[in-house]
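Undergrad: using only what follows, build the 3D model:
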Amino acid sequence: MAFTASSTAVPLEAAAFGDDPGRWPLPAAHDSLHRWLRAVAAGGQGRYGSAAAELSELLRDRPEARFASLALSTKASFLRQLGWHWLAHDWDGRAWARAAGDPEAGADALIGLAADALGVGRLAASAALLARAAGLVHTHPAPPPRLEIRLAWVRAELAMASGDGDSAVRHARCGVELAQAAVPLLRRHRVKSDVVLAAALCCCGDLAAARAVADAALQATEAYRLVPLRWALACLLADIGSGAHSPAVIADIRDRSAWFVVRHGGRWNAR
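TA: Numbers count the residues shown, from 1 in each chain. All right, here's what the predicted structure looks like:
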């Protein structure tokens, strides 16, 4: 996405898709772009209530189709993060319908639909949607790096769900490499890529490597206030053990992160 350089947009870009994902409070929003960036940044920190309010305001303003689609995809991503994959499917479907031929918005929606299908066990559907999304990304004259990174994440997750640990690690490492090479720096995407890699290494049976990656990423989530990713890593480390923290400390990080999300408007799916 080509952002408009302004005194408000620049710090919001850094918070949503740059090197300052922990920034809070965020600058006020003045248009659809600002509201979307605020929502992305707030959601990355686990402030789902604030993020949802921004998206609702954005959609009430009847934005152009592109921003409507991106807002709907973002809402779906928050639902997925909280475990509501079947609800996310409806929002991603609406996002796809509103994309109106925009390759970035359309690819976001299709990748989201692939992740939704994966979350409810529809692996063949997920693979087909990923193929469609990849085709759309490749039609973009200058696709944002985040789209290729998201493709790598969901490909790795699909491989994990299919029991193919080697493929999972290969796709996860691709996501890490893409995130490391991205310009501008996508700090949150770098950390999320490490989360996916740690999970893939577990699937492959390399628990020592998974533990090392997860411990390092856990430190990054604290530095950058990425609470949902911090919760995910603590859940993984609670299962495989941490090389840096005791089980009690990991359990405390997991529980405090989950409670932070609840206090800031998130509702976990208990299933």
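
Undergrad: what sits against His89?
TA: Counting by CB atoms under 8 Å, 6 or more residues apart in numbering, His89 touches Ala76, Leu113, Asp116, Ala117, Val120. (Each C-beta comes from the backbone N, C-alpha and C, glycine too.)

Undergrad: list buried members of these by neighbour count.
TA: Ala76, Leu113, Asp116, Ala117 (16 or more other CB atoms under 10 Å).

Undergrad: so which strand or helix has the first one?
TA: The secondary structure element spanning Ala76 is helix 65-81 (assigned by DSSP states H and E).

Undergrad: repeat that for the third one.
TA: For Asp116, the enclosing helix or strand under DSSP H and E is helix 103-119.

Undergrad: so that helix versus helix 65-81, what angle?
TA: Helix 103-119 and helix 65-81 are oriented at 20 degrees to each other (axes from the mean of the first three to the mean of the last three CA atoms, to 10 degrees).

Undergrad: so for helix 103-119, what gets flagged as buried?
TA: 103-119.

Undergrad: ok, residues contacting the helix holding Ala76?
TA: 32-33, 35-36, 39-40, 43, 48, 51-52, 55, 58-59, 62-63, 85, 87-92, 94-96, 98-100, 102, 104-106, 108-109, 112, 115-116, 119, 228, 266.

Undergrad: following the chain past that helix, name the next helix or strand.
TA: Toward the C-terminus, helix 65-81 is succeeded by helix 85-98 as the next helix or strand (DSSP H and E).

Undergrad: so how far is stretch 203-211 from its chain's centroid?
TA: 22 Å (CA atoms, centre = their mean, to the nearest Å).

Undergrad: from here on, call the first residue 3.
TA: Got it, first residue is 3 now, which makes that one stretch 205-213.

Undergrad: buried stuff in that stretch?
TA: Using 16+ other CB under 10 Å as the burial criterion, the residues of stretch 205-213 that qualify are Cys205, Cys206, Asp208, Ala211, Ala212, Arg213.

Undergrad: between the two ends of it, how far is it?
TA: End-to-end distance of stretch 205-213 (CA to CA, to the nearest Å): 12 Å.

Undergrad: list of residues touching that stretch?
TA: With contact meaning CB under 8 Å, 6+ apart, stretch 205-213 is reached by 161-162, 165, 167-168, 170-171, 200-201, 203-204, 238-239, 242-245.

Undergrad: filter those residues down to the ones in helices?
TA: Among the contacts of stretch 205-213, DSSP state H puts 161-162, 167-168, 170-171, 200-201, 203-204, 238-239, 242 in helices.

Undergrad: and these, which two are the farthest apart?
TA: Distance extremes for the ones in helices among the contacts of stretch 205-213: the farthest pair is Asp168 and Leu239 at 22.9 Å, using CB to CB.

Undergrad: compare neighbour counts for these two and give me the winner.
TA: Per other CB atoms under 10 Å, whichever of Asp168 and Leu239 has more neighbours is Leu239, with 26 against 11.

Undergrad: in the helix holding Ala78, what's buried?
TA: Within helix 67-83, the residues that count as buried by 16+ other CB under 10 Å are 68-83.

Undergrad: please apply the same query to stretch 238-254.
TA: Applying 16+ other CB under 10 Å to stretch 238-254 flags Leu238, Leu239, Ser244, His247, Ile252 as buried.

Undergrad: convert the C-alpha atoms of the helix holding Ala78 to PDB, please.
TA: The C-alpha trace of helix 67-83 is given here as PDB (Å, rounded to 0.1, in the frame of the first residue of the first chain):
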ATOM      1  CA  ALA A  67     -14.300  -0.100  -1.600                       C
ATOM      2  CA  ARG A  68     -10.600  -0.700  -1.000                       C
ATOM      3  CA  PHE A  69     -10.700   0.500   2.600                       C
ATOM      4  CA  ALA A  70     -14.000  -1.100   3.300                       C
ATOM      5  CA  SER A  71     -12.500  -4.400   2.300                       C
ATOM      6  CA  LEU A  72      -9.300  -3.900   4.300                       C
ATOM      7  CA  ALA A  73     -11.400  -3.000   7.300                       C
ATOM      8  CA  LEU A  74     -13.500  -6.100   7.000                       C
ATOM      9  CA  SER A  75     -10.400  -8.300   6.600                       C
ATOM     10  CA  THR A  76      -8.900  -6.700   9.700                       C
ATOM     11  CA  LYS A  77     -12.000  -7.500  11.700                       C
ATOM     12  CA  ALA A  78     -11.800 -11.100  10.500                       C
ATOM     13  CA  SER A  79      -8.100 -11.300  11.600                       C
ATOM     14  CA  PHE A  80      -9.000 -10.200  15.100                       C
ATOM     15  CA  LEU A  81     -11.700 -12.900  15.300                       C
ATOM     16  CA  ARG A  82      -9.200 -15.500  14.200                       C
ATOM     17  CA  GLN A  83      -6.700 -14.500  16.700                       C
END
